[in-house]
Structure formats: C-alpha cells, structure tokens
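Chemist: need a structure here:
(chains A and B)
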Number of protein chains: 2
Amino acid sequence: MNINDTIVALSTAPGAAAIAVMRLSGDKAVSIAEEVFKSRFGKQLSKQDTHQVLLGDFHYKNTLIDEVLLAVFKNPNSYTGEDVVEISCHGSVYVQQKILKVLQDMGARLAEPGEFTLRAFLNKKMDLAQAEAVADLIAAESEAAHHIAVQHLRGGISKSLGSLRERLLSFASLIELELDFSEEDVAFADRTQLRELVDDIRTTLKNLLDSFETGNAVKHGIPVALIGMPNAGKSSLLNALLEEDKALVSDIAGTTRDSIEDTLTIGGIQYRFIDTAGLRKTTDIVEAMGVERTQEKMDKASILMYVVDPKTQSPQAVMTALDEIKRDDTTLLLVVNKKDLLKTAELDAFLDGLDRLDVDASVYDKVIISTKDDSDISALKQRFAGLVQWKTGSALVSNQRHWAALQAAMAGVLEVIQGIEENRSSDLLAIDIRQTLHELGTITGEVTTDDILGNIFANFCIGK
Amino acid sequence: MNINDTIVALSTAPGAAAIAVMRLSGDKAVSIAEEVFKSRFGKQLSKQDTHQVLLGDFHYKNTLIDEVLLAVFKNPNSYTGEDVVEISCHGSVYVQQKILKVLQDMGARLAEPGEFTLRAFLNKKMDLAQAEAVADLIAAESEAAHHIAVQHLRGGISKSLGSLRERLLSFASLIELELDFSEEDVAFADRTQLRELVDDIRTTLKNLLDSFETGNAVKHGIPVALIGMPNAGKSSLLNALLEEDKALVSDIAGTTRDSIEDTLTIGGIQYRFIDTAGLRKTTDIVEAMGVERTQEKMDKASILMYVVDPKTQSPQAVMTALDEIKRDDTTLLLVVNKKDLLKTAELDAFLDGLDRLDVDASVYDKVIISTKDDSDISALKQRFAGLVQWKTGSALVSNQRHWAALQAAMAGVLEVIQGIEENRSSDLLAIDIRQTLHELGTITGEVTTDDILGNIFANFCIGK
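Modeler: Now for the predicted structure:
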C-alpha cells in the first residue's frame, strides 16, 4: 500500500439508490477530477474555492457518463488532510462502476479498507483511538453503542489519558536527567510529586479498566441466556420478547436444539438473546449436544434468565438449579412462567415455597409472567433497562486493544509505585516509566507499528 | 400528499457504509436544519452561502448524534427547485435512522417515492420525459440502457418533439383564428405549409415509434430464447455463455424443465438468456408444461438460437424446425453444436445437407461450435454484438408511456393529413390538431393529470 497514491472508493452503501458518493483523496485528486468533470459554469476546478458544491458533467472520452455534484476539499481542510474530491452521482450500479473505473483509468487507485481514515490518522486529523471510534460509530446498532463511539470520536479516552501522559513524560525527562548526573546523587524529579502522579494514573487506569466490562457488553450487545427445563416456555418467552416467531415452538419437550440468537434493543442497549436447549439429562445424542452448548452459552452470558413452569418444577428443584447455575459476575433472573395456567392458590404456594427456601435473597431477581400477557412482557423488558448503566459522562472502554494496553500500562504503573516505595535507582525507575508511557502511547497512537495499524484498519469498510 | 410539506429521505442505498446522505427539501428545510446543526464556524445556516459545504455537529436535545457535512442549496438552484439541505453523516444504520427520525420530529415529512423528482418537474427544473429518465438512469444496468437514459435526461425526446410541437401550436392558433372569421371564408393558415409541417411531424413520429423496439429491448435487456431438441446441448451452451453453472446439466434428456433466465452484457447491451425445455413431443406431463412455456418464451424473444446436435438431427429435420419457428421480426441463429464429437467428414456432410435444403439463405445465420471451446463461445458473443444498433445520435424511445402517446399523436397527425387532403373545414382540422398537440404534450408533461404523475412517480425509489 503506497500512502502517496491518490485513492478512490465508493463511500456510500452499494446498490441502486437515488444517489451514490465517491471520494478521491491525494495529491492528484483535483487534477484527475479536472480531466473528467466540466462545471456548468466553466471555471477550472483547481481554481474553485474549497468546500464549494458544483453541478457539472462527468464525461470520459467524449461520452457523458452522468450529471454530478462535485466538491473539492483542499488540504488540510478535509477528512484525510489531503486534497479530497467528493462526487455525488446518480445511484445506478452502472454509473457507480463506470465512474470508479474511469477514475482508476485516470490514475487513482482503489482504496484499501479504512485507508481514508488511516490517512486522517497519519496526517494528524485524529488520534488512533478516534480513528478506531469511526469504525465503531459505523458499526453501532444501538443508542448505547453509538453513544460510546461518539464519546471516543470526540477524544474521550484520549482526554482522560492525555494530560496524565504528558505529566509523566516530563517526570521521565527529569529522571533521565538524573542519570546524566548520576555521580552527583541529585534528584531533579520530586519523588513525592511523582508518587502522587502515578497514583492519579493508577486511579484513572483502574476506572477505565473497570468500565471495559460494560463498554464491551454495550458495544457487542449484552448476552442473555434463556435457560430452564424442557417445556418451561423458553422459546415462547423469546418469541414474546422479540415479537416474532423466530424460535420453533411446540409442545414436544426438547424441540429447541440449536441455540437461536436474536437481538432486541431495550432502553438504548442491545441484548443478544440466546435460546437454549432444555437442561435435562437426556440419552438423545442430538439433544445432548444441545445441552452441552447450553453450558457454553451460560458461561458467556452476562444475564441468565431461568424460566420455570411451576406445574412441573418444585420450589426445591428450582432453588437447587439456581444454586447450580449462579455466578458471581452474572445477573440471575428467575422467570416464573405460565401464570395463566395456574390457580391463584397454586401460584401462591409455589412462591411461598421459594421464599422459605431462599436463604440469601440477593441471589436472584424474580418476575411472574404469562408470555401471552403483553403487559408482563413490557414489565420484563423494563427490568432489563435497569440492569446496565451506560449514560456516564466519562468514556467507557469498549475496545479490546485499549483494554490490553491499559492492563500493560497498569502493570508498568504498579512497578513504578513499587520502585518509589523501595527507593529504586533512577535508571530502574526510568525504565518502568518509559514502559508505562509506551503502553499509554499505543492507545492514542503516539507509539505505533505497521502491524498495529494493519490490524486496526483491516476491519474498516472500504470507502472510510 | 401535500406538495407544500418539507420532505426528507435517505438518498443513498440503505445499510452500513462509510457515509450516508439525507436530503431535506421545502420551505422549512433550512430552518429545520438550523435547529439541529451547529457549524464549526458558528455562522447561522440561513446566512450561509448556497452550495457551501459545512462541517458541524448534528445534535438533538443536547445529545450529539454525529459530526456531519451539510450543504444548503437555495431555491431555485437545487435539484427540486426548492430550498434543499443535504446532510452527509457517518453511514451507521443507527445514525441514519436517528437523523431521519429527528428531522421528522422537527417537522419534515418522509418523502414519497420520486417526490424530489416530482417537485423538480412541478418547479420546471425538468420536463416529464426527463423526470422519467432519472428513474431509468438509476435502474440502468448496461452501457446501452444507460446511454438511452442519459439522452433522455438531456432532453433527447423533448428536443425532437419540442420545436415541431411549437410550430404546430402556432398553426392551431391561426386555424382557430379562422373560426372567428368563419363567415368571411379566409384562410390564415397556409394549408401547404401546414401539410409540410405535419409531414415532418409524421416522419419524426415514425422514426421515434420505430426506435421503440430497439429502445425497449435495450432498456429491459434483449430476450434470447435457446431452443432445440432435448440433449442438443442448450444448457451447456447457456452455462458456457454465462461462465457459471446456473442451469442443471445432465445427460438425461429433458433435464431442464423450468425456464432459467440469466443476463449477460455483450458490447454494452444486456441480453436475457432464456433456457427452455426441449421441443419434443412428450407424454410426460411435467415436461409437456415445459414445452408449452417454451412456445411462450419464443413468442417474446427477439433472438432465437436454435441449437442442433448433428448426430441426432438430420439436415432435413433442422430445416423443418427452422421453418416452423422463424418469425419476421425475430433474428434466427442456428447453432451447430458438439463439433468436438464429430469427424470432419460428418460435419461437412451435415453442413452440405443444410446448404442444399436452404432455398432462402437469408432465413438464418449459422455458427458451428463446441461449448468446450472458449474461442467458439467468444465468436458467438461477437455475433450478438453486431445484432443491435443502439449508438445512434438521436434518442431511442424506451418508455411504454411515450410509445402509447406517440401512437396516439400519430393517429391525430394522420387525421390532420387526411383533413387537409379532403379540404375539411377549419373547425374539424382544429380538433385533430389540438388532439395531436395534447398527445405530444403528455410526453414532456405540458399536459398532465394527477393519475399520470401518480403512475410515473410511484415507480421511483424513495429519496429521488
């Protein structure tokens, strides 16, 4: 990939539509466009003002290809920081392909995935965390995921770390200065101030690391496993939640064998509902595979919904099951189902039984529903809405790469703290500080390698 | 549909992409945008220059939704002729939906299909034939279809008819003037000049009407029926042409029962290849249905390819079949297949046999191929490229509505001619001239009804 090439790509979604937009970026963007575009008002493209939309003809070899709108964004005032030409054409598939082909014939190269944003990063239009946020923003499907991406796009994590990193950098210089005067046993870097600073950094890192669980779940959707005995009504519940007949429902126990995944957005957050095969000891090989998969799904879930049919499961059996499946880091929700099929006395007896057995009331949350009652389903959805807090002022870490770098930086910080406590020599302290700075620098891209950049931008779509 | 509403729509193809573009059009477009857009440079939107691209924040209720590019196109210098605001946002599905929703909350209405172009027509930014060409342009999938659409977009048919209609209109006025002086037996309209004009119009109409066959075929793809005895190798030939295994190929006669349709672009024209069940007398009901469908497909085809395996069909049988299927308005191509399985002497004998029987050499065109030989397939494609002439300077009629109007106008013109010849009275002539003018006027939209407009724009995509 030659970063000096002039690149071109379709920036809008593929397919026929009212309009489509292509972007050219690079030194030759304007001169290439000039060859194939004739403004209605005749002025030469290179002499046009930046950010001005022009109506004109896109032609090639004396053939009119389309009437287009074209705008020049002169460097550095463009997305990439290079000269950018944006062409808005009629959205026919033929026109899109033809224009892309002509621009390549004129010397532009088809852009690699993410190459526009890579160039924006290389030209310091944004830092690396912001560049990654662009991809997250495009992929965002829920309000919460969008919110996190926008925070990062506005430099959320960069702001949190930026000033701390700068202050640490000046300490690094002072300590390295001490090395030059090592014969004289002077301390330019005030150890008390340094200790305060690294304590600040540790606190910030801890908060960011702690936010990853929520951030990651919000970004990818929160996994909710639906579990319970066969015929407890898991599939019906999933259907009711999704308001469509995605799962196969039947009265035959063990109907659901495959884990069916579907998503639902509640209160701005996306939940990935996982329907599971029933948790039943079985000799049926196919169903046994389903049960095994249920265990796997449960291990990945942030929320477990245990669905119970009081007619077929005793309070004792339910409590035993809950004890078995409960996990420290997982929210457990007991759904008492099929209330429409129970007499009031039966239901009361069942609930009393549960209460008597429940020594630790905080183990689970309980809802009593019928999947046929819309208000029950709404109430259940409301429960979900309260489970995850994401509307925070500060940015949530949602990126695996950032999390790994923060962890490594934390390890460095802890070394520095220990070094100060043990009164280690300047050269040892300097090494740990440099290591911490390096890790912090990888997040925003002050420190980077081709490998890191390659990995990040390979996951972008073409045209961004 | 209230034409005074301010409308909004996604103009680019749906789905996640680098960017997406929304358009607002109407009186309130700028004031709505002003409420939700904050330019980086602070200037009020209503005070911005037209056609200027601005970077800024799209926000709603104190929440930043996206960083967007926005341009105002002030009326009448916009696509619709109204104030238009174009918003270019990050192409996430969430952002697209959110921005559309916010703009609706602010008072815009979701545009009906084609409503932007309808407004462009109503505001005289384009005539009706040009408006229809916009939809054709977006739908165009081949160079030829695109070429025709662009010609119409540039006013091809309007130019051909415009001046003739204007001259006819002035004759209509003169003849109607005669009615006011009917007592005095004067002739303001020179009958000889009128006769010359209507002859010109007749010639123009005839050329346009004649162009419809090609124009329509080019627009929708030229239907090519593949026919022949079972096992003649029709499916293999189709596969070779399409270079993929779309049709089911087997050695069992009668494998192909459904008509398989696929398209191929040769020399800028799209051909719709129709594979057919073999033309065999059969007692198999299912296959019999296939044979019936073959007849239907043959009736619709512009090109018939009759495929022959010389090993199983005699020259006499082939000529009988060709005589049976030949049609005046259809190109007939005889494909002598499986040459790789024949000895040279066998092939020569077969071809000699054909030549001796072929009394009228112009009935068909002949190619000799093996579907396994790539150069044979290329040569066959070259034959196709020569069959249709579409690179004409004048516009080809490709629109059913135009064709019907041209036919009606032609009927009017013939009446006028007959009227002049029979020396009919001014009032009778005037009626026929008015009728002709009316029909010509419906094409470009000088004359129109809500029904016509409704039918035309209902077939547009939303956002155009």
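Chemist: now do the strands in the stretch 151-300 of chain A.
Modeler: For the stretch 151-300 of chain A, the strands defined by DSSP state E, counting those that start in this stretch occupy A:222-228, A:260-266, A:269-275.
Chemist: relative to A:K206, which of those strands is closest?
Modeler: strand A:222-228 (22.7 Å; CB to CB). The C-beta positions use only the backbone N, C-alpha and C, and glycine is treated the same way.
Chemist: quick check: closest non-adjacent residue to A:V53.
Modeler: B:H51 (4.3 Å; CB to CB, 6 or more residues apart in numbering or on different chains).
Chemist: would you agree A:Q418 falls within a helix?
Modeler: Yes: judged by DSSP: H, G, I helix; E, B strand; the rest coil, A:Q418 forms part of a helix.
Chemist: how about the helices in the stretch 101-250 of chain A?
Modeler: Applying DSSP state H, counting those that start in this stretch to the stretch 101-250 of chain A gives helices spanning A:115-122, A:128-139, A:143-153, A:156-180, A:191-220, A:234-242.
Chemist: give me the angle between the first one and helix A:128-139.
Modeler: This points to helix A:115-122. Using axes from the mean of the first three to the mean of the last three CA atoms, to 10 degrees, the inter-axis angle of helix A:115-122 relative to helix A:128-139 is 150 degrees.
Chemist: and what of the longest one?
Modeler: Taking the same axes, to 10 degrees, helix A:191-220 and helix A:128-139 form an angle of 20 degrees between their directions.
Chemist: who does helix A:191-220 touch, helix- and strand-wise?
Modeler: On a contact count with 3 or more CB pairs under 8 Å, 6 or more residues apart in numbering or on different chains; DSSP states H and E, helix A:191-220 meets helix A:143-153, helix A:156-180, strand A:269-275, helix A:400-421.
Chemist: out of those, which one sits most buried?
Modeler: helix A:143-153 (a mean of 25; mean count of other CB atoms under 10 Å in any protein chain shown).
Chemist: next SSE downstream of the helix or strand bottoming out on mean pLDDT in chain A?
Modeler: The weakest-scoring helix or strand in chain A, judged by mean pLDDT, DSSP states H and E, is helix A:285-300 (a mean of 64). Where DSSP states H and E defines the elements, the next helix or strand beyond helix A:285-300 is strand A:303-308.
Chemist: residues touching that next one, excluding its own?
Modeler: A:222-229, A:232-234, A:237, A:271, A:298, A:318, A:321-322, A:325-327, A:330-337, A:364, A:384, A:387 (CB atoms under 8 Å, 6 or more residues apart in numbering or on different chains).
Chemist: if I look at the residue in the stretch 201-350 of chain A positioned nearest to chain B, how far off is A:V218?
Modeler: Distances between the stretch 201-350 of chain A and chain B by CB to the nearest CB are smallest at A:T265, namely 9.4 Å. The gap separating A:T265 from A:V218 is 11 Å, by CB to CB, to the nearest Å.
Chemist: more neighbours, those two?
Modeler: A:V218 (26 against 15; other CB atoms under 10 Å in any protein chain shown).
Chemist: I'd guessed the more buried one sits against A:A395; true?
Modeler: No: using CB atoms under 8 Å as the test, A:V218 is too far from A:A395 to be in contact (11.8 Å).
Chemist: for A:Q97, what are its contacts?
Modeler: If you count contacts by CB under 8 Å, 6+ apart, A:Q97 has none.
Chemist: surely it is in a helix?
Modeler: Yes: A:Q97 forms part of a helix when assessed by three-state DSSP.
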